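Engineer: Structure for the following, please:
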Amino acid sequence: MKRIACALVACTIAAPAAAHDFGFAGILSNTNQGEDLPTFVLGSGKPVTDGPITLESGKVYEIEIEADGTAELALEGPGFFRNIWVNEVVINGLEIRPYGLESVEFDQAGTMEIEFIAIKPGQYFLRIPGSTGDAQRVDITIR
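Structural biologist: Below is the predicted model of the structure:
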């Protein structure tokens, strides 16, 4: 038993320092913020956003989505949403901490913010469901 305790103490002492010192807030600290993303716009006949977008795995990002109310529109991206960790969704000042998302929908004008951490590298997209135009979709790469 003494040997095990000594081995654990030795491993703890000999463990190398973490590669990142994120501070009190951990991975969500200000030192881990990715660059600002363009605002996503949901409006009848309007492009969603300028793209493509490149994200870095492990960084914190926030997408702001604005709907102008011209149509009932959604934004889907199951592959993207399954490969990020959603910290919170804010709608009209109300914070929601979901287990996961597959899509979001606006029945009227409003703004939504989604704060997330990019996790799994790959090629993904967000688009207006059923749309075929390039302006109704944004390609997202997590590297």
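
Engineer: all contacts plus neighbour counts: C-alpha atoms, from now on.
Structural biologist: Fine.

Engineer: Now do the contacts for Gly43.
Structural biologist: Ala67, Asp68, Gly69, Thr70, Ala71, Leu73 (Cα atoms under 8 Å, 6 or more residues apart in numbering).

Engineer: give me the beta-bridge partners of the first one?
Structural biologist: Partner residues in beta bridges with Ala67, using DSSP bridges, are Leu42, Gly110.

Engineer: distance of it from Ile128?
Structural biologist: For Ala67, the distance to Ile128 equals 12 Å [Cα to Cα, to the nearest Å].

Engineer: Kindly reformat the contacts of Gly43 as CSV containing neighbour count and pLDDT.
Structural biologist: CSV is the format used below for the contacts of Gly43 (neighbours: other Cα atoms under 10 Å; pLDDT from 0 to 100):
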residue, neighbour count, pLDDT
Ala67, 22, 94
Asp68, 18, 92
Gly69, 15, 90
Thr70, 13, 89
Ala71, 15, 89
Leu73, 19, 93
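
Engineer: Among those, which pair sits farthest apart?
Structural biologist: Asp68 and Leu73 (9.7 Å; Cα to Cα).

Engineer: hey, what's in contact with both of the two?
Structural biologist: Contacts common to Asp68 and Leu73, judged by Cα under 8 Å, 6+ apart, are Leu42, Gly43.

Engineer: Tell me which stretches of the chain form helices.
Structural biologist: Residue ranges of the helices in the chain, as given by DSSP state H, are 2-14, 78-82.

Engineer: Specify the beta-bridge partners of the spatially most central residue of the chain.
Structural biologist: Residue closest to the mean C-alpha point of the chain, counted by Cα atoms, centre = their mean, is Phe116 at 3.1 Å. Under the criterion DSSP bridges, Phe116 forms beta bridges with Tyr61, Val86.

Engineer: Please list all residues in contact with it.
Structural biologist: Val60, Tyr61, Glu62, Ile84, Trp85, Val86, Asn87, Glu88.

Engineer: In this structure Asn87 contacts Arg97, no?
Structural biologist: Yes - using Cα atoms under 8 Å, Asn87 is in contact with Arg97, at 6.1 Å.
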